[in-house]
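Colleague: Okay, sequence plus prediction incoming.
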Amino acid sequence: QVQLVESGGGLVQAGGSLRLSCVASGRTFSRYAMGWFRQAPGKEREFAAATSASGGSTYYADSVKGRFTISRDNAKNTVYLQMNSLKPEDTAIYYCAGSNSPSSLLTYAYWGQGTQVTVSS
């Protein structure tokens with residue numbers, strides 16, 4: 001059974017930084033693309049960032065490009081989201097997601113429970 005467990009969320013002032021982590025278990029982590037999504041109050045879940053299985057390809061939503069960095073450590077079965085220059089509009093629950101493909105960055109089969117990120121102005 002695939003499990004994804006996020007951590008690292010919290011309350012931060014605008015302009016600050018946070019790093020989210022997601023530890024995966026239940027399958028060979030290094031074979032699959034991973035992503036981060038977010039859902040703000042009253043809004044639909046939206047894509048934020050993704051990385052291919054090797055980490056060699058990354059993809060970002062325009063809203064986070066240049067501020068967020070996705071990375072992965074396949075030896076630790078962990079994917080990270082480094083978030084810098086945070087804005088109040090980044091406030092959301094952030095979800096880790098696992099693809100069933102090494103290179104498909106937009107379709108995901110597995111989801112974590114989410115971690116809350118709140119950015120105060």
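Modeller: That came in fine, so what should we check first? What you see is a predicted model; the values in this text were computed from it and never measured. Residues are numbered from 1 along each chain as shown.

Colleague: residues in contact with residue 60?
Modeller: 48, 49, 68, 70 (C-beta atoms under 8 Å, 6 or more residues apart in numbering). For glycine as for every other residue, the C-beta is placed from the backbone atoms N, C-alpha and C.

Colleague: Go ahead and confirm the last one touches residue 83.
Modeller: No: here residue 70 lies out of contact with residue 83, judged by C-beta atoms under 8 Å, at a distance of 10.0 Å.

Colleague: Compare these two and say which one has the larger neighbour count.
Modeller: residue 83 (26 against 21; other C-beta atoms under 10 Å).

Colleague: separation between the more buried one and residue 28?
Modeller: 27 Å (C-beta to C-beta, to the nearest Å).

Colleague: hey, what's the most centrally placed residue in the chain bridged with?
Modeller: Centroid-nearest residue in the chain: residue 36, 2.6 Å away (criterion: C-alpha atoms, centre = their mean). For residue 36, the beta-bridge partners under DSSP bridges are residue 49, residue 96.

Colleague: Could you measure from it over to residue 121?
Modeller: 23 Å.

Colleague: Please apply the same query to residue 48.
Modeller: Distance, residue 48 to residue 121, using C-beta to C-beta: 20 Å.

Colleague: swap in residue 82?
Modeller: 21 Å.
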